[in-house]
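Asker: Curious how this folds, go ahead:
(chains A and B)
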Protein chains: 2
Amino acid sequence: MSTPEIDARSAPGFNPGLSMARWLLPPVLSSSIDSLGGQLSQICGYQLGMYDVDGHKTGRVAGKLIRPAFTLLCTQAVGGRPEDALPASAAIELLHNASLIHDDIMDGDQERRHRPTVWAKFGEPMAILAGDALIALGFEAIAGYQHPAAARSTAVLAATLRKLAVGQELDLRFESEATVSVDECLAMMGGKTGVLLGCSCRLGSAYASAPAEWSVRFERFGYHLGIAFQLVDDLLGIWGDPHVTGKPVGSDLHARKKSAPVVAALATTTTGAHWIAARYASPDPLTGDEVTELADAIDEAGGRAWTRVEADRQISIAWDLIDGLDLDQSARSHLASLTTTLMKRES
Amino acid sequence: MSTPEIDARSAPGFNPGLSMARWLLPPVLSSSIDSLGGQLSQICGYQLGMYDVDGHKTGRVAGKLIRPAFTLLCTQAVGGRPEDALPASAAIELLHNASLIHDDIMDGDQERRHRPTVWAKFGEPMAILAGDALIALGFEAIAGYQHPAAARSTAVLAATLRKLAVGQELDLRFESEATVSVDECLAMMGGKTGVLLGCSCRLGSAYASAPAEWSVRFERFGYHLGIAFQLVDDLLGIWGDPHVTGKPVGSDLHARKKSAPVVAALATTTTGAHWIAARYASPDPLTGDEVTELADAIDEAGGRAWTRVEADRQISIAWDLIDGLDLDQSARSHLASLTTTLMKRES
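Answerer: Below is the predicted model:
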């Protein structure tokens, strides 16, 4: 799969977590990126939307900042101050963008956020470097703010970077494998999307000085939410409304991505599964009609329903992990509403 | 320039710093790499020489471990225990290998240590990932060992990664620029080779609980040594004995690298400078005779002598920085002999 971005720009409703992230993060991210100087600053700034395609400053940061929003809300939920978690939330956003840049090279993706990807615009060498620079800035963000949670958080951030690499390795391997099991698919989603949101939530709780046992729960909370959001993303990649997503109907099928609904359908013993497998094995480009047929076959084989149920199941697992904790009720409700917004999104 | 490796395998004489690094580091590096699992473990292990080209375990680590040797010796010089600096020295070696893997992709280099480079053997996507994984392991190594120096050292390691990216950016830019000044060339060498050896020496002193002012001196000590070693590398790249270096005569000239002797020769007002510039501007491959002529012209224009003198000057600057400090004399003499070995090396 392409490395996903949870797109909440068009999400209905107001969420205090997102607003907080979009208010607090941009100055921190900008000054971090500016510290690079030279062309690297421009390239990394382009990735974060601080520069447009013509190299002009936009005066803003374009990312949706979902992950920092979770970090800041988790801090509040545990009774901490969002300012304390600000460097950590910036670190996660920087690391996220580093992995987007590198994954776009590996996946050969030419477009992101309706603009050329970094490698497509600046070439592969500069894209590799820009990713490395963003990783460096991420660790500098955490290390540059003295806090009792900093040492442990550095270890968590480093482990997250390692797990992201392992998740992307799984993803690359799956592209060339004939069959992928549902468990492997979930593990890969966990490695790519779950791990980073898990880190976001864990660091949020850590900077509120939560006990270690709570932080581990918050990490698993974010991990399962991340998988759920990715499952929704996979549904939109096949059945999303092209007018809302801005992508062609069944875009993931055109690219023959082994997304969750496809893997689930292929795992059944239905006759449809054989037909879908044959379509996926053929090297010929799919016509629009064939994509529609394929989407219907996946639906009939149960791939769509399984994915929806699994997404809800992951959400339940996530909340069960932190429901017994004595949390700030206001922040908890903001976490819940942000979760709902992302689960119900249409793009 | 290609990212250099200081090759001391064939260095004459015994150095306790190198022996210590080669005794202590391999188990730490192996267990770090093994923690990745899967193919990433094999690829990163291949880079470090733990696996051969056929994927078999070699039972050793092939790196020369120059940088960790400096870390451990600097710790001893300040009166600390090498064991305390071991995770930090492993972190530097991991980061070094990450940058080698990524730089080899950017530079299109197909061979390193007489074997295919990681991207040439495993493809670019896996090479990008392997580099990211090694960066992660580097930060995990430091963060996983509780020590008063850990927090500050994480910040130093992150800043080093950032500066390496900036140095490599300069290097990539120089390849397409017609003229590069001597100062720009030294800055680029500083960014690529100086910064990492500076980090090695700084972390060494930090893990011996040196005062902050000493650590900054050790960082600059390593920085200038790194530039000196790179200057020697540049001399060998033109005038090295092919029987000893294992590379063709004037290999850097064949590749039209803007190495220090070339840049210094071009900066003169000699008639030779114009002739060299014209040869470098021509797109035609150079014959063996032309390379010999070019090497002679660079020598006559003073490029060779300047580089030798500059290397010695950098060494002087380095030692002046720490000579006034009250250091362990045995470790200090090992540092000095390692420096001499590297300055006199022939490959």
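Asker: so what's residue A:188 scoring on pLDDT?
Answerer: pLDDT for residue A:188: 94.
Asker: Kindly provide the distance from it to chain B.
Answerer: Plainly put, residue A:188 is 12 Å away from chain B if you go by Cβ to the nearest Cβ, to the nearest Å. The C-beta positions use only the backbone N, C-alpha and C, and glycine is treated the same way.
Asker: Likewise for residue A:70?
Answerer: 21 Å.
Asker: Contact partners for the nearest residue to that residue once chain neighbours are set aside?
Answerer: Spatial nearest neighbour of residue A:70, excluding adjacent residues (Cβ to Cβ, 6 or more residues apart in numbering or on different chains): residue A:200 at 4.5 Å. With contacts defined as Cβ atoms under 8 Å, 6 or more residues apart in numbering or on different chains, residue A:200 is in contact with A:67-68, A:70-71, A:74, A:89, A:92, A:222.
Asker: Output these in a markdown table; the columns should cover secondary structure and pLDDT.
Answerer: Below are the contacts of residue A:200 laid out as a markdown table (DSSP: H, G, I helix; E, B strand; the rest coil; pLDDT from 0 to 100):
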| residue | secondary structure | pLDDT |
| --- | --- | --- |
| A:67 | helix | 97 |
| A:68 | helix | 98 |
| A:70 | helix | 98 |
| A:71 | helix | 98 |
| A:74 | helix | 98 |
| A:89 | helix | 98 |
| A:92 | helix | 98 |
| A:222 | helix | 98 |
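Asker: quick check, nearest of those residues to chain B?
Answerer: Nearest to chain B among these, counting by Cβ to the nearest Cβ, is residue A:92 at 14.3 Å.
Asker: neighbours of residue A:256, just the number please.
Answerer: By other Cβ atoms under 10 Å in any protein chain shown, the residues close to residue A:256 number 17.
Asker: Same check on residue A:141?
Answerer: Neighbour tally, residue A:141, other Cβ under 10 Å: 24.
Asker: now residue A:62
Answerer: Residues near residue A:62, counting by other Cβ under 10 Å: 17.
Asker: By mean pLDDT, point me to the weakest helix or strand of chain A.
Answerer: Here the helix or strand of chain A ranked lowest by mean pLDDT, DSSP states H and E is helix A:242-245, holding a mean of 81.
Asker: Which positions within that helix qualify as buried?
Answerer: Of the residues in helix A:242-245, residue A:245 count as buried by neighbour count, 16 or more other Cβ atoms under 10 Å in any protein chain shown.
Asker: roughly how far is that helix from the heart of the chain?
Answerer: Remark: helix A:242-245 is offset 20 Å from the chain centroid, using Cα atoms, centre = their mean, to the nearest Å.
Asker: after that helix comes which helix or strand?
Answerer: helix A:251-254 (DSSP states H and E).
Asker: Run through the neighbouring helices and strands of that following helix.
Answerer: On a contact count with 3 or more Cβ pairs under 8 Å, 6 or more residues apart in numbering or on different chains; DSSP states H and E, helix A:251-254 meets helix A:212-239, helix A:288-300.
Asker: Show me how far it is from its chain's centre.
Answerer: With Cα atoms, centre = their mean, you get 19 Å for helix A:251-254.
Asker: next structured bit after it?
Answerer: That would be, after helix A:251-254 and using DSSP H and E, helix A:260-266.
Asker: Could you list every helix and strand in contact with that next one?
Answerer: helix A:182-189, helix A:212-239, helix A:271-281, helix A:288-300, helix A:303-322.
Asker: And stretch A:16-27, what's buried?
Answerer: A:16-18, A:20-22, A:24-26.
Asker: Contacts for that stretch, please.
Answerer: A:8, A:60-61, A:64-66, A:68-73, A:82-83, A:86, A:89-90, A:93, A:334-335, A:338.
Asker: Could you do stretch A:93-102 as well?
Answerer: A:3, A:5, A:25, A:29, A:32, A:44, A:47-48, A:63, A:65, A:67-68, A:112, A:117-119, A:127-128, A:130-132, A:134-135, A:137-138, A:141, A:157, A:160-161, A:164, A:168, A:196, B:128-129, B:132.
Asker: ok, now which ones touch the nearest residue to residue A:219 once chain neighbours are set aside?
Answerer: Leaving aside its chain neighbours, residue A:219 sits nearest to residue A:202 (3.7 Å; criterion: Cβ to Cβ, 6+ apart). Neighbouring residues of residue A:202 by Cβ under 8 Å, 6+ apart: A:74, A:156, A:215-216, A:218-219, A:222.
Asker: if we can go back for a sec, just the buried ones from the contacts of residue A:200?
Answerer: So, by 16+ other Cβ under 10 Å, the buried ones in those are A:67-68, A:70-71, A:74, A:89, A:92, A:222.
Asker: and the residue located most distally from the centre of chain A, what pLDDT?
Answerer: Within chain A, the residue lying farthest from the chain centre (Cα atoms, centre = their mean) is residue A:271, at 33.7 Å. According to the prediction, residue A:271 has pLDDT 92.
Asker: Count the residues that sit near the nearest residue to residue A:225 once chain neighbours are set aside.
Answerer: Among residues not flanking residue A:225 along the chain, residue A:318 sits closest, at 4.8 Å (Cβ to Cβ, 6+ apart). By other Cβ under 10 Å, 27 other residues sit near residue A:318.
Asker: Now do residue A:318 against residue A:76, distance only.
Answerer: When distance is defined by Cβ to Cβ, to the nearest Å, residue A:318 is 18 Å away from residue A:76.
Asker: now residue A:238
Answerer: 36 Å.
Asker: Also residue A:34?
Answerer: From residue A:34 to residue A:76 the distance is 28 Å (Cβ to Cβ).
Asker: who's more crowded, these two?
Answerer: residue A:76 (24 against 12).
Asker: Distance from the host helix or strand of that one to the middle of the chain?
Answerer: Assessed by DSSP H and E, residue A:76 sits inside helix A:66-77. Put simply, helix A:66-77 sits 15 Å off its chain's centre (Cα atoms, centre = their mean).
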